[in-house]
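>>> Predicted model and sequence below, questions to follow.
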Amino acid sequence: MYSKLGRIDSALQMEKDVYSGRLRLNAEQRETLLAANNYALSLFSAERSEEAKSVLRKMMPVARRTLGESDQLALSMRWCYAGALYGDPGATLAELREAVETLESVAPLWRRVFGDSHPETPRIHDALANARERFARAAAASESESPP
């Protein structure tokens, strides 16, 4: 609600408070992982990629361990993390490679678990294509800047 009213900082603070409160109660509950993902998505939307990556780096292993590799929330967190990596204008070549590798593992698993008819399936494959394109451009630029 606050973000729709242009009060991004207030919205982020509320998301952070919810996430922090849940984290104190139990880091391994689905609600905590959902709060982490929501907070990271809000940070990413506010162009605060470093903070989004930090939250997700901490919570993705918890999600994978407690929910399993093929759980929708665990996959969504990895997708969000990859988006924060390749969506960051200052992303390094290594970060772009990590984004591609992450999406290359998530996209086929998503398709296998949820099928082609799931509304998010085309979006995750578009994200993979975008990450690959961004990585290819950065790799080409890096090669052209390297001394012979």
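That came through, no problem.

>>> other SSEs contacting the longest helix anywhere in the chain?
Selection of the longest helix in the chain by residue count, based on DSSP state H, yields helix 121-145. In terms of contacts (3 or more Cβ pairs under 8 Å, 6 or more residues apart in numbering; DSSP states H and E), helix 121-145 is packed against helix 72-86, helix 93-114. (C-beta placed from N, C-alpha, C; glycine too.)

>>> Out of those helices, which one sits most buried?
Among the helices and strands packed on helix 121-145, ranked by average contacts under mean count of other Cβ atoms under 10 Å, first place goes to helix 72-86 (a mean of 23).

>>> hang on, the earlier thing: in CSV: the helices and strands packed on helix 121-145, plus mean pLDDT and distance to Arg132.
What follows is the helices and strands packed on helix 121-145, written out as CSV (pLDDT from 0 to 100; distance: least, Cβ to Cβ, whole Å):
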stretch, mean pLDDT, distance to Arg132
helix 72-86, 97, 9
helix 93-114, 98, 6
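
>>> Reformat the ones you listed as JSON lines; add distance to Leu12.
Below are these laid out as JSON lines (distance: least, Cβ to Cβ, whole Å):
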{"stretch": "helix 72-86", "distance to Leu12": "15"}
{"stretch": "helix 93-114", "distance to Leu12": "23"}
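
>>> Would you mind saying which of those helices lies nearest Ala46?
Distances from Ala46 to each of these were compared by Cβ to Cβ, and the smallest falls on helix 72-86, at 11.4 Å.

>>> quick one, that closest one and helix 121-145 angle?
Per axes from the mean of the first three to the mean of the last three Cα atoms, to 10 degrees, the angle that helix 72-86 makes with helix 121-145 is 30 degrees.

>>> what angle do helix 72-86 and helix 93-114 make?
In this structure, helix 72-86 runs at an angle of 150 degrees to helix 93-114, with the same axes, to 10 degrees as the basis.

>>> what packs against helix 72-86?
Secondary-structure packing of helix 72-86 (3+ Cβ pairs under 8 Å, 6+ apart): helix 30-45, helix 49-67, helix 93-114, helix 121-145.

>>> Using TSV, please lay out those together with distance to Trp79.
Putting those into TSV (distance: least, Cβ to Cβ, whole Å) gives the following:
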stretch	distance to Trp79
helix 30-45	10
helix 49-67	10
helix 93-114	6
helix 121-145	6
